[in-house]
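J.: Next input, structure requested:
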Amino acid sequence: MASPIFTTPFSPTITMSKEQTHHADAPSAAALAASGVFFRLLPVTLAVFVSFFTIGMQMPVLPLHLHETLGMGTLIVGLVVGSQFAAALLSRAWAGNFADMRGAKRAVLMGHLFAACSGATYLASLAFVAAPATSVWILLLGRILLALGESLVATGALGWSIGLVGPQNAGKAMVWVGIAIFGAYALGAPVGAAVDSQWGFTGVAVALIFVPLLAMAVASGARAVPPTATRRTPFYRVLGFVWMPGMGLALCSVGFGLFTAFIALLFSARHWGGASLAFSAFGLAYIGARVLFGHLPDKLGGARVALVSVAIEMAGQWLIWGADAALTAHWGAALTGFGYSLAFPGFGVEAVRRAPPQARSLAMGAYVAFLDIALGVTSPLAGALADAEGIGSVYLAGAIAAALSLVVALVLLVTTTPQKALRA
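T.: You can find the predicted model right below:
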């Protein structure tokens, strides 16, 4: 017989069966000691890596395709790139509820299908290069499809990972999912640039069709976790639990958004050659920080780790802003990646501590929605700023946003964790 187990005056009742309640509990310490957190997460991590490799391939290629092939200005480049994040924001509630009610693994598999459709749309846009406005609109549709896929994969993978290893290892789960994502960015960027150099944007679009299908094959063999809810949870209810850590995430994600959208244009404008090494520096520093220090959010507390991380990111953004040579910008990219690396799990651990476990995927979707807001707003605004003040000015704005994120981390550090939920 089903029984309500999560009820507060400000939140819905989520009904779960006894079997679902059993599986929603954290895995036992003995089981985790036997198999290890890493090996439990490995299949999900591999699937996420292959999936986000497609996004990494686009990073150094799509802005230049829009700017140089289609003749679009920086504002349009920012709007098209940022549209993915805006669309992802609007789909987080749907993706989170889908993962909680239908299963996180199913959400991840469906996300790969959307990503493959995005690649097909990119390929179709090349038939209209002679009509740049039409080609841009088709690319915009591709970005929206990619956003739906990314929303399902990211939200589902976070809920899936935490379900496998338990909330006491939430920081480690976020660390390994993040390593997969940014490792894919680091390797995907030079591969995308190489494919574009050899076969043009056509080759990139074809790769974007087949790589997600490979990710789908990897994910299909991984162990699923049962759905954790039997009814839809209103998004705004869960949002109330995670808004403060989410605000910290949003502010520190501005620098990441500026880096991905404009670093290729900065290198082009200053005649420093391709930006693929900058993407690799960001990604490798990001991975290095997580491998070496990924255990710290669970051990020391998320707010404390986030505080140090965003300070490092701020220094990286400042360095890119003042760079007069490619090498300096590479160092700024590395510091940005190193700092941002642990900011996400740092603020994320604070979000998990505040969120109801029965709506974990939705809570992670709500948390990541703040990332979407930041990236969706940042790209077009920064494009306008670049038009007015020059491409380098956007990284001064990134340093200021990181400083504000540091303030949020301080507030979280000195405040107590609110009551997570009342159990019947």
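J.: quick one: average pLDDT of the helix or strand encompassing Phe39?
T.: In this structure, Phe39 sits in helix 37-58 according to DSSP states H and E. For helix 37-58, mean pLDDT rounds to 85.
J.: got the CA positions of it in PDB?
T.: Output of helix 37-58 as PDB, limited to C-alpha atoms (Å, rounded to 0.1, in the frame of the first residue of the first chain):
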ATOM      1  CA  VAL A  37      31.600   4.900  -5.500                       C
ATOM      2  CA  PHE A  38      33.700   5.200  -8.600                       C
ATOM      3  CA  PHE A  39      32.700   1.800 -10.100                       C
ATOM      4  CA  ARG A  40      29.100   2.300  -9.300                       C
ATOM      5  CA  LEU A  41      29.200   5.600 -11.200                       C
ATOM      6  CA  LEU A  42      31.400   4.500 -14.100                       C
ATOM      7  CA  PRO A  43      28.700   3.400 -16.600                       C
ATOM      8  CA  VAL A  44      26.700   6.600 -16.000                       C
ATOM      9  CA  THR A  45      29.900   8.700 -16.200                       C
ATOM     10  CA  LEU A  46      30.900   7.100 -19.500                       C
ATOM     11  CA  ALA A  47      27.500   7.700 -21.000                       C
ATOM     12  CA  VAL A  48      27.600  11.300 -19.900                       C
ATOM     13  CA  PHE A  49      31.100  11.700 -21.400                       C
ATOM     14  CA  VAL A  50      30.100  10.500 -24.800                       C
ATOM     15  CA  SER A  51      27.000  12.500 -24.800                       C
ATOM     16  CA  PHE A  52      28.600  15.800 -23.900                       C
ATOM     17  CA  PHE A  53      31.500  15.200 -26.300                       C
ATOM     18  CA  THR A  54      29.000  16.400 -29.000                       C
ATOM     19  CA  ILE A  55      28.600  19.700 -27.200                       C
ATOM     20  CA  GLY A  56      32.400  20.000 -26.800                       C
ATOM     21  CA  MET A  57      32.800  19.500 -30.600                       C
ATOM     22  CA  GLN A  58      30.600  22.500 -31.200                       C
END
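J.: Mind listing what's buried along that helix?
T.: For helix 37-58, the neighbour count (16 or more other Cβ atoms under 10 Å) marks 37, 40-41, 43-58 as buried. To be clear about C-beta, it is placed using only N, CA and C from the backbone, and glycine gets the same treatment.
J.: mind listing the strands for the stretch 101-250 of the chain?
T.: Assigned by DSSP state E, counting those that start in this stretch, the stretch 101-250 of the chain shows no strands.
J.: Tell me where the model's unsure across it.
T.: Applying pLDDT under 70 to the stretch 101-250 of the chain picks out residues 228-230, 233.
J.: mind redoing it with 90?
T.: 101-106, 147, 150-151, 154-190, 193, 197, 214-243 (pLDDT under 90).
J.: residue boundaries of the helices in it?
T.: Applying DSSP state H, counting those that start in this stretch to the stretch 101-250 of the chain gives helices spanning 104-125, 132-165, 170-220, 235-269.
J.: Who are the packing partners of the shortest one?
T.: The criterion is 3 or more Cβ pairs under 8 Å, 6 or more residues apart in numbering; DSSP states H and E, and the helices and strands that helix 104-125 contacts are helix 37-58, helix 74-102, helix 132-165, helix 170-220.
J.: Repeat the analysis, applying 10 Å as the threshold.
T.: Here helix 104-125 touches helix 37-58, helix 74-102, helix 132-165, helix 170-220, helix 360-389, going by 3 or more Cβ pairs under 10 Å, 6 or more residues apart in numbering; DSSP states H and E.
J.: need the next SSE after the shortest one, C-terminal direction.
T.: For helix 37-58, the following helix or strand on the C-terminal side (DSSP H and E) is helix 62-64.
J.: how about the nearest residue to Ala193 once chain neighbours are set aside, what does it touch?
T.: Spatial nearest neighbour of Ala193, chain neighbours left out: Ser276 (4.5 Å); criterion: Cβ to Cβ, 6 or more residues apart in numbering. Listed by Cβ atoms under 10 Å, 6 or more residues apart in numbering, the contact set of Ser276 reads 59-61, 186, 188-194, 264, 267.
J.: one more time with 6 Å, if that's ok
T.: Applying Cβ atoms under 6 Å, 6 or more residues apart in numbering, we find Ser276 in contact with Pro60, Ala189, Pro190, Ala193.
J.: Highest neighbour count among the residues you listed?
T.: Ala189 (30 neighbours; other Cβ atoms under 10 Å).
J.: For the contacts of Ser276, work out which two are farthest apart.
T.: With Cβ to Cβ as the measure, no two of these lie farther apart than Pro60 and Pro190, at 8.0 Å.
J.: related to what we said a few turns ago, can you list the helices and strands that the helix holding Phe39 packs against?
T.: Applying 3 or more Cβ pairs under 6 Å, 6 or more residues apart in numbering; DSSP states H and E, we find helix 37-58 packed against helix 132-165, helix 170-220.
J.: Pull the distance from the longest one to the chain's centre.
T.: Computed by Cα atoms, centre = their mean, to the nearest Å, the separation of helix 170-220 from the middle of its chain amounts to 13 Å.
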